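Engineer: predicted structure and sequence below. I'll ask about it afterward.
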Amino acid sequence: MTEPDDETLSALAHTGEQDVEVTLRPKKLGEFIGQPRVREQLELVLESARRRGVPPDHVLLSGPPGLGKTSMAMIIAAELGSALRITSGPALERAGDLAAMLSNLAPGDVLFIDEIHRIARPAEEMLYLAMEDFRVDVVVGKGPGATSIPLEIAPFTLVGATTRSGALTGPLRDRFGFTGQMEFYSDDELDQVVRRAARILDIEIDPLGSAEIARRSRGTPRIANRLLRRVRDYAEVRADGVATKQVVRAALEVYDVDELGLDRLDRAVLGALVKSFGGGPVGVSTLAVAVGEEPTTVEEVCEPYLVRAGMLARTPRGRVATAAAWEHLGLQPPERVLPDPGLFDQP
Ligand SMILES: Nc1ncnc2c1ncn2[C@@H]1O[C@H](COP(=O)(O)OP(=O)(O)OP(=O)(O)O)[C@@H](O)[C@H]1O
């Protein structure tokens, strides 16, 4: 398979906003910026399997949204020269849905299950046997007359992605031969992500401009790419088309992204925690109600970065704002406030 060059990608990028996400995905391990540990570990898993002529062990990718889990699954299939079949945990409500998917796999295919922690129990149990023995037991009929028919399936590699590896059951987690823990990106890595995307999308950006976007992207490439597109809009409409540092700052002010990269929801969560609950501790469900969001959104989208930025701590008694959170909101922290959130972080 020949890879499109930057020029072809650039032409494709003009088709529409949604397609841009696809266009910007790195296509090979060598193109994947950041995550050096996961890349090195995966390289070994894939190369060793290639040499032995067998499908690699099942892979679990875990980490907050937008860090490149889907991109990595696509790269795994591309590096193996295999077809990629994509589904998600919530789509596998019944075991039959999964059986249909598994029985259509060709030898060596890669099956990607996004949000694998949300898979329904019967489908999960079917997956155990499929992962271990490349076999499924299809139950025909009901009640005492029900029989189970074993069905061979082609050897395949499962790539599961999850934002909550802790929510996976032990038996499912144990069946993955390799777990890649995706970490937040450094500013320097995000700067490379922004410059690569600007090249593909034909956006003129200067080095201080890309560094400013990187710094405000909450450690997340998807956010970096999204901010770059909004800066592009601003640069084209209100400036001379070039994304300088001043243009980036002005654009991100319009889009409510603050100095640290926190958006409206992040600030709403911190605001509620500090102003309505005196800095906590407060349960995540109560906090979510206060900001009008789903608890999973607060827990999986906002909190990981707020914890990493040292503003929020997850303690056994609930969420607590740190002194940095009070200060970020321009408020005086009370005397008794957590000094080092890292010491208290608990899932
Ligand atoms: N290492 C990287 N280098 C360059 N761009 C990246 C990288 N990782 C992710 N991206 C960009 O970020 C976007 C989001 O990546 P992706 O969809 O793979 O994340 P994800 O972790 O699977 O998120 P989710 O779990 O929310 O689907 C992609 O469109 C891609 O352009």
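Structural biologist: That came in fine, so what should we check first?

Engineer: so what's residue 299 closest to, chain neighbours aside?
Structural biologist: Nearest residue to residue 299 in three dimensions, chain neighbours excluded: residue 284, at 5.4 Å (Cβ to Cβ, 6 or more residues apart in numbering). Where C-beta positions appear, they are placed from N, C-alpha and C, glycine not excepted.

Engineer: contact residues of the protein facing the ligand?
Structural biologist: 21, 24-26, 32-34, 65-71, 161, 193, 221-222, 225 (Cβ under 6 Å from any ligand atom).

Engineer: in strands only, show me those residues.
Structural biologist: Residues of those located in strands (DSSP state E): residue 161.

Engineer: tell me the buried residues within the residues of the chain next to the ligand.
Structural biologist: The neighbour count (16 or more other Cβ atoms under 10 Å) marks 24-26, 32-34, 65-71, 161, 193, 221-222, 225 as buried among those.

Engineer: quick one, what contacts the residue in the stretch 1-150 of the chain positioned nearest to the ligand?
Structural biologist: Of all residues in the stretch 1-150 of the chain, residue 68 sits closest to the ligand, at 2.7 Å by Cβ to the nearest ligand atom. Residue 68 makes contacts with 26, 32, 34, 35, 182, 221, as judged by Cβ atoms under 8 Å, 6 or more residues apart in numbering.

Engineer: how many neighbours does the fifth one have?
Structural biologist: Okay, so that is residue 182. Residue 182 has 20 neighbours, counted by other Cβ atoms under 10 Å.

Engineer: wait, doesn't residue 333 sit right on residue 278?
Structural biologist: No. Applying Cβ atoms under 8 Å as the test, residue 333 and residue 278 come out as separate, 11.0 Å apart.

Engineer: who has more neighbours out of these two?
Structural biologist: Using other Cβ under 10 Å as the criterion, residue 333 and residue 278 rank with residue 333 on top: 17 against 11.

Engineer: leaving out chain neighbours, which residue sits closest to the more buried one?
Structural biologist: With Cβ to Cβ, 6+ apart, the residue lying closest to residue 333 is residue 326, at 3.7 Å.

Engineer: kindly report the same for residue 295.
Structural biologist: residue 288 (4.2 Å).

Engineer: what's the answer for residue 204, then?
Structural biologist: residue 242 (4.8 Å).

Engineer: where does that neighbour land on pLDDT?
Structural biologist: Here, the pLDDT recorded for residue 242 equals 93.

Engineer: how about it, what does it touch?
Structural biologist: Contacts for residue 242 (Cβ under 8 Å, 6+ apart) come out as 204, 205, 206, 209, 235.

Engineer: list of residues touching the helix or strand encompassing the fourth one?
Structural biologist: Okay, so that is residue 209. Applying DSSP states H and E as the criterion places residue 209 in helix 207-215. For helix 207-215, contacts defined as Cβ under 8 Å, 6+ apart pick out 187-188, 190-191, 193-195, 198, 205, 224, 227-228, 231, 242-245, 247-249, 252, 261.

Engineer: quick test: name the residue nearest the centre of the chain.
Structural biologist: By Cα atoms, centre = their mean, the chain has its centre lying nearest to residue 65, at 2.7 Å.

Engineer: show me the contacts for that residue.
Structural biologist: For residue 65, the contacting residues are 163, 220, 222, 300, 301, by Cβ under 8 Å, 6+ apart.

Engineer: OK, contacts around the second one?
Structural biologist: With contacts taken as Cβ under 8 Å, 6+ apart, residue 220 has the following neighbours: 64, 65, 66, 67, 184, 185, 190, 305.

Engineer: which residue packs closest to the fourth one, ignoring adjacent ones?
Structural biologist: The shortest distance from residue 67 to any residue other than its chain neighbours is 4.3 Å, reached at residue 182 (Cβ to Cβ, 6+ apart).

Engineer: might one say that that neighbour is in contact with residue 62?
Structural biologist: Yes. Using Cβ under 8 Å, residue 182 is in contact with residue 62, at 6.7 Å.

Engineer: tell me, what's touching the two both at once?
Structural biologist: By Cβ under 8 Å, 6+ apart, the residues touching both residue 182 and residue 62 are residue 69.

Engineer: if I look at the residue nearest to residue 204, how far off is the ligand?
Structural biologist: 22 Å (Cβ to the nearest ligand atom, to the nearest Å).

Engineer: so where's the stretch 151-300 of the chain uncertain?
Structural biologist: The model of the stretch 151-300 of the chain has no residue with pLDDT under 70.

Engineer: please enumerate the strands of the stretch 151-300 of the chain.
Structural biologist: 157-162, 178-181 (DSSP state E, counting those that start in this stretch).
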